[in-house]
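Novice: can you look at this prediction? I've put the sequence above it.
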2 protein chains.
Amino acid sequence: MPSKKIRNMEEFSELSGISRPTVSKYFHDPNSVRSSTRAKIESALEQFDYRPNIFAMNQNRKLTKNIGIVVPYLADPFFAEIARNIEQKCIDAGYRPTLFSSHGDPKLEIEILENLRSLKPAGVLLAPLGRASDKAGIERFCKHVPTVLFDSNIEGMGQAFIGSDNFSFVSQTVEYLTRTGESPCFFEMKYPANPNANKRRIAYLDMMDRVGLQPHVIQIEGTGWGFEEIGRQGALKLLNDGSLPTNTVLCSNDRLAIGFLSACYEKNVRVGRWPNCDLRVASHDDHPFSRFTGPSLTTAAHDYESVSENAANTLFQVIDSGGKLKDRRETVYRARLIMRDSA
Amino acid sequence: MPSKKIRNMEEFSELSGISRPTVSKYFHDPNSVRSSTRAKIESALEQFDYRPNIFAMNQNRKLTKNIGIVVPYLADPFFAEIARNIEQKCIDAGYRPTLFSSHGDPKLEIEILENLRSLKPAGVLLAPLGRASDKAGIERFCKHVPTVLFDSNIEGMGQAFIGSDNFSFVSQTVEYLTRTGESPCFFEMKYPANPNANKRRIAYLDMMDRVGLQPHVIQIEGTGWGFEEIGRQGALKLLNDGSLPTNTVLCSNDRLAIGFLSACYEKNVRVGRWPNCDLRVASHDDHPFSRFTGPSLTTAAHDYESVSENAANTLFQVIDSGGKLKDRRETVYRARLIMRDSA
DNA sequence: TATGATAATTTACGCGCGTAAAAAAATTTA
DNA sequence: TAAATTTTTTTACGCGCGTAAATTATCATA
């Protein structure tokens, strides 16, 4: 069991009885060698616990097995969750994922990508900051590294985009809200960090138009990624002014809604879907915390699993086909309405 | 500006007019060369945009500039935040941090550490899972790689531990609660994942003893890292049974408290520090979301900044002194009481 | 300006593995 | 069983850089 320490592939190949080039081939792709030799190598592997030197390996390989996963803001559990999903899928496919967060900073986003290049990644899964992103910088990066975007789309960038169908989020929440009470106003940031926000506003306007109702879009001040606080401040202002146009608020995303609910609590505004309540609040994303707000948040959930699976698989395809796809592919998944207590 | 592509350090050294070994030395530590040559290299660097090949670099160096940061559960924004802090400090010090999450799984924790070894890291900053951790596995790892623990201590493991003083958390919350109302019962998981929980219970018992009050420890069922849901279920049970011994609840940590508050909201139990309230709830950690709960959560805050700074600096020291410290160092920082509306 | 100390250059080798080419062996097919 | 095919082995080189040793150049000090 302890057995002497193995220094390199040379030594290991001797112990396994297989020549070094073949062993090397095995580590590149276990299926590329005859099953009998594969068995020999793997039995030796169990016996001697050798792992090829990563640095020496990647130095000469044109393509490493590294995959970069870049999310805009890891302190948002939504991204932490989806990153975990994707990470696992990469590992299962035999890649070595590394996780990065842009922390809401476009400069850092580009810096991460540039650093990533020196890791010679086989591919990158990128959830861009969105509006704030340095698009030229990202485009430059995408020229050199196979990249699949997820969560936020940037027109034409990368080999594919996988995300959620914003219209499907908003259509479901709007329909539900109008069906069960007063029509909703739309609560969002004036300058949203994320491009999905714009699509959601448009979807809201579209839906209200369809059902022939008057739309009200409320755009609040505030920049950055502290959405909860921004939502809270925006809500406090509205509640103090008494300037809410309807008794139903549809927030662009859950983090704003969490802030909104916090303000309501403070101002003693009863939120919920019951008759004795002052206000209904709904939202989009099904943030991990949205079931623990007071009241629990009615929202529309991403199809996490499909998004992460498709994003990862698409990247694998891109990699396997040499880094390029015939046409850029865009896939979006429908939302699922989650009816809780807030609306 | 565009200038021809530089293939390797050889080429770059010619362009910069400095010999390759000296350039190599520069990249290892810019201060190790004369300032005049440093200037020459750096001006060439601006002109030609060359970066040494990471893999070739790390292959031969006894010590890389890699640092691993391992947290138990990245979907917890608390860890996301502290990881970000530490990450930045590593970068500032010229290291290349890589972030990993054990996702609450001891097997994964060990797997991460073992994979980490093949990156030949200069050091590792590890927030262990705690109780569930495979201690033998971690110990084995620490023998080979300079490791500093943070957040959760495991007796004797690693070169140092930097965390928070659990007694200081509990003493402040207990003192505040007893000073302003009924004495608190202590709400925690029966089998907490994190060793800090035990220290907090002991501190609670100690404090109650000091002030001569009857302690009540409530231990709820549930395992894993879904603390909010566990806290919620535990609270629902208590509220349904009407078995709360006092009108003041001190939760072991904020995530349990978030679940607790959510249950209170659902059961129409008014939580807060005002006379018309049924219950007071306080907690520990100052979780990023604790200011947005309904009501906002009275809690005790970690000294994030000091913990991350000291943890990082300690690791740098360990690395600089060849991987070992004379004696294992334990440092804990005091908490700060954050008085909000829940108690 | 000479002196010693410090830093840069020259030369050379090695790290662990990828990979190409030619030869040999094992396997499949006829 | 021979021929055709696939796989493995042998041999050899190169990747980009770390690093050691001997030499030479540069600097600070007197």
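Specialist: Arrived safely.
Novice: can we go C-alpha only for contacts and neighbour counts from here?
Specialist: Will do.
Novice: burial measure for A:Ser321, as a count.
Specialist: 11 (other C-alpha atoms under 10 Å in any protein chain shown).
Novice: quick one, helices of the stretch 101-250 of chain A?
Specialist: Here the stretch 101-250 of chain A has its helices, by DSSP state H, counting those that start in this stretch, at A:106-117, A:135-144, A:166-180, A:196-210, A:227-241.
Novice: let's have these in JSON lines, adding distance to A:Lys324.
Specialist: Formatted as JSON lines, the helices of the stretch 101-250 of chain A follow (distance: least, C-alpha to C-alpha, whole Å):
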{"stretch": "helix A:106-117", "distance to A:Lys324": "17"}
{"stretch": "helix A:135-144", "distance to A:Lys324": "10"}
{"stretch": "helix A:166-180", "distance to A:Lys324": "27"}
{"stretch": "helix A:196-210", "distance to A:Lys324": "26"}
{"stretch": "helix A:227-241", "distance to A:Lys324": "36"}
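Novice: out of these, the one nearest DNA strand D is which?
Specialist: Proximity to DNA strand D (C-alpha to the nearest atom of the strand) singles out helix A:106-117 among the helices of the stretch 101-250 of chain A, at 13.5 Å.
Novice: would you turn the helices of the stretch 101-250 of chain A into a markdown table with mean pLDDT and distance to B:Ser283?
Specialist: Compiled in a markdown table, the helices of the stretch 101-250 of chain A are given as follows (pLDDT from 0 to 100; distance: least, C-alpha to C-alpha, whole Å):
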| stretch | mean pLDDT | distance to B:Ser283 |
| --- | --- | --- |
| helix A:106-117 | 95 | 35 |
| helix A:135-144 | 95 | 43 |
| helix A:166-180 | 97 | 35 |
| helix A:196-210 | 96 | 35 |
| helix A:227-241 | 97 | 20 |
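Novice: and the ones you listed as a markdown table, adding mean neighbour count and distance to B:Thr331?
Specialist: Formatted as a markdown table, the helices of the stretch 101-250 of chain A follow (neighbours: other C-alpha atoms under 10 Å in any protein chain shown; distance: least, C-alpha to C-alpha, whole Å):
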| stretch | mean neighbour count | distance to B:Thr331 |
| --- | --- | --- |
| helix A:106-117 | 18 | 32 |
| helix A:135-144 | 16 | 42 |
| helix A:166-180 | 20 | 48 |
| helix A:196-210 | 18 | 44 |
| helix A:227-241 | 20 | 33 |
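Novice: would JSON lines of these with distance to DNA strand C be doable?
Specialist: Listed next are the helices of the stretch 101-250 of chain A as JSON lines, based on distance: least, C-alpha to the nearest atom of the strand, whole Å:
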{"stretch": "helix A:106-117", "distance to DNA strand C": "18"}
{"stretch": "helix A:135-144", "distance to DNA strand C": "18"}
{"stretch": "helix A:166-180", "distance to DNA strand C": "42"}
{"stretch": "helix A:196-210", "distance to DNA strand C": "41"}
{"stretch": "helix A:227-241", "distance to DNA strand C": "46"}
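Novice: now do the closest residue to DNA strand D within the stretch 51-200 of chain A against B:Ile69, distance only.
Specialist: Closest to DNA strand D within the stretch 51-200 of chain A is A:Asn60: 5.4 Å, counting by C-alpha to the nearest atom of the strand. Noted for A:Asn60: a distance of 28 Å to B:Ile69, by C-alpha to C-alpha, to the nearest Å.
Novice: tell me which of these two has more neighbours.
Specialist: Taking other C-alpha under 10 Å, A:Asn60 and B:Ile69 do not tie; B:Ile69 has more neighbours (25 against 11).
Novice: so what does that one have for phi and psi?
Specialist: The phi/psi pair for B:Ile69 (degrees, to the nearest 10) reads phi -120, psi 120.
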